[in-house]
Structures are given as C-alpha cells and as structure tokens.
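> kindly return the folded structure for what I paste below:
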Amino acid sequence: MVDDELWALVEPLLPPWPERSPGPRPVPDRLCLQGILFVLYNDIAWQLLPLELGFGSGQTCWRRLERWQEAGVFDQLHRVLLAELNAAGELDWSRACVDGSHIRAKKGGADTGPSPVDRRKTGSKHHLICDGRGTPLKVITTAANVNDVTQTLALVDGIPPVAGRPGRPRRRPEALLGDKGYDSSLNRDELRRRRILPVISRKGSPNIKGIGKLRYVVEQTFALLHHFKRLAVRWERRTELHDAFVSPACSLICYRRLKRTRP
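Residues are numbered from 1 along each chain as shown. This next block holds a predicted model:
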C-alpha cells in the first residue's frame, strides 16, 4: 500500500527518533505506515491488526499514528501533494464546493451529538471543501447537529497555502458553490470581502440553474473519502485521532490523482 514514490514523499516529513532510545529497536516507520493504512482501509480494531502482516502490533501503529499527528506529518503531506497537483495544472481554482456528510459515532466523545438524519443517534459530521475537480482541500469534523452554515468561513480560511506555481501560494478560489444550507447574508459579505464570489442558493427560492451539475464533485469526493471504511463510522473518542485518519485519506486521494497525471 506504500509504494516507493509515496514513501519518498512521506519519509522526509517524519520526526526523527532519538539516536539513543531505550528498549528494543522500534518497528520501521514504513511498516507502521502500512499498518495504519490497513486499519484505515479495513476499519478493524487496533488489537486485531494481524501480526503476520509484519506491520507491528496494533498498539505500536496506534502510538506511531498519534506521534505523527502531533507532529503534523499528514497535514504537511496533504500540502505537498496539493502543491504537486497545482504545479501539474490539476487544481481548478475557478470554483470550490462545500457540503457536509453525517457519520455515526459508535463510542461518542468530543465533537459528537444527536444526528438529525439518523433518529438522533450519536454522530459526527464531516464538512468538506474541494476544488472544481473534487480534490479535497480541507475537512472539518464537528458534532452531527452542527449546521453547515456555521462552518463556511472556517472551511474557506482552512485551505492551506498551495504552492507549485510562480508567485505567492494560493489559498482562495474565485467562487464558492453551496446549497441552501449555506445561505447566509453575513457569509456572503465575508466571502466577497475575501474576493470570493458566493454562488449559494437562497432559502425559499428555486436552486440556481445548473448549480447541481457543478456541485456533483463534492458528493463524489465524499464517496471517495468514505470509501476508507474507518471514516464511514467514527470509533475514536478524541477528535484529533479521528482527524489523524482524515488527513492521510485526503492525501491518498490527492496522490492517486497525481499518479494519473504521470506517464
């Protein structure tokens, strides 16, 4: 699951181990990364990670994931891959799309709440902004009962500075597309202040003509994101550990798109 090209991007971002650390020699980082991705893909409990795969124990992989999340490894990897896509002309800055998707939170914890679409069972929500081609730019995890409109500006401002082209790194799309759940005069004013054109349907009015055909990419991106089974259902009580799976999933989506651009 971790080919040489992907590992060449990840390895420089990993925090170094102390030269003289007590105890046995740690499991190699590349094997631990494969164990983490195995859990991400298959949604198995850490203690059920098969030792015969050679990735180390589930506890070892879990600790490595926590360590890397604290060091910001996967956020940095996501930014590196976005820059590579931008350099290849594969990011569409003419528009960005926003939407939210509910997931069930089996064990509760931070940023969970009664889901309005699942008989008020405990859940969370992924708020996503992607470019015009469906490349994920930022994902925020909140409680399931948080309204989409409250996360509009957080998503826009959360887009990392994307290098890869001459000039300053880019952070702003030209337009933002959203459904009626994002209808807010205040947000429209704030988007215009950021030089972003709001293309958002108004409540009580027909949808903007053709907006559905332009916004389909965000639903496609959610399908790719939740194809990683660990993200379709939330098991982590701590939001930062759940987000530790979200970041590598976004990175893998970007990495696959980048590989398609290369011969």
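> where in the protein is pLDDT low?
19-25, 207, 209-210, 263 (pLDDT under 70).
> what comes into contact with the helix or strand where Leu177 lies?
Using DSSP states H and E, Leu177 maps to strand 175-178. Residues outside strand 175-178 that contact it (CB atoms under 8 Å, 6 or more residues apart in numbering) are 94-99, 148, 152, 156, 191, 196-201, 211, 214-215. Yep, even glycine has a C-beta here, placed from its N, CA and C like the rest.
> could you rerun that using 7 Å?
The contact list for strand 175-178 (CB atoms under 7 Å, 6 or more residues apart in numbering) reads 94-98, 156, 191, 196-200, 211, 214-215.
> skip ahead from it and say which helix or strand is next.
Following strand 175-178 in sequence, per DSSP H and E, is helix 185-193.
> now do that next one: which elements does it pack against?
helix 152-158, strand 197-200 (3 or more CB pairs under 7 Å, 6 or more residues apart in numbering; DSSP states H and E).
> and if we set it to 10 Å?
Contacts defined by 3 or more CB pairs under 10 Å, 6 or more residues apart in numbering; DSSP states H and E place helix 185-193 against helix 152-158, strand 175-178, strand 197-200.
> contact partners for the residue nearest to Arg192 when sequence neighbours are not counted?
In this structure, Arg192 finds its nearest non-sequential neighbour in Pro198, 6.9 Å apart by CB to CB, 6 or more residues apart in numbering. Each residue near Pro198 by CB atoms under 10 Å, 6 or more residues apart in numbering is listed here: 152, 175-178, 182-185, 187-192.
> what do you get for Ala223?
Going by CB under 10 Å, 6+ apart, the list of residues near Ala223 reads 101, 134.
> wait, is Arg30 part of a helix?
Yes: judged by DSSP: H, G, I helix; E, B strand; the rest coil, Arg30 forms part of a helix.
> tell me how many other residues crowd it.
Using other CB atoms under 10 Å, Arg30 has 16 other residues around it.
> that one contacts Cys61, doesn't it?
No: counting by CB atoms under 10 Å, Arg30 does not reach Cys61; the two are 11.9 Å apart.
> quick check: neighbours shared by these two?
By CB under 10 Å, 6+ apart, the residues touching both Arg30 and Cys61 are Phe55.
> can you give me the helices in the stretch 1-150 of the chain?
Here the stretch 1-150 of the chain has its helices, by DSSP state H, counting those that start in this stretch, at 4-10, 29-42, 58-70, 73-87.
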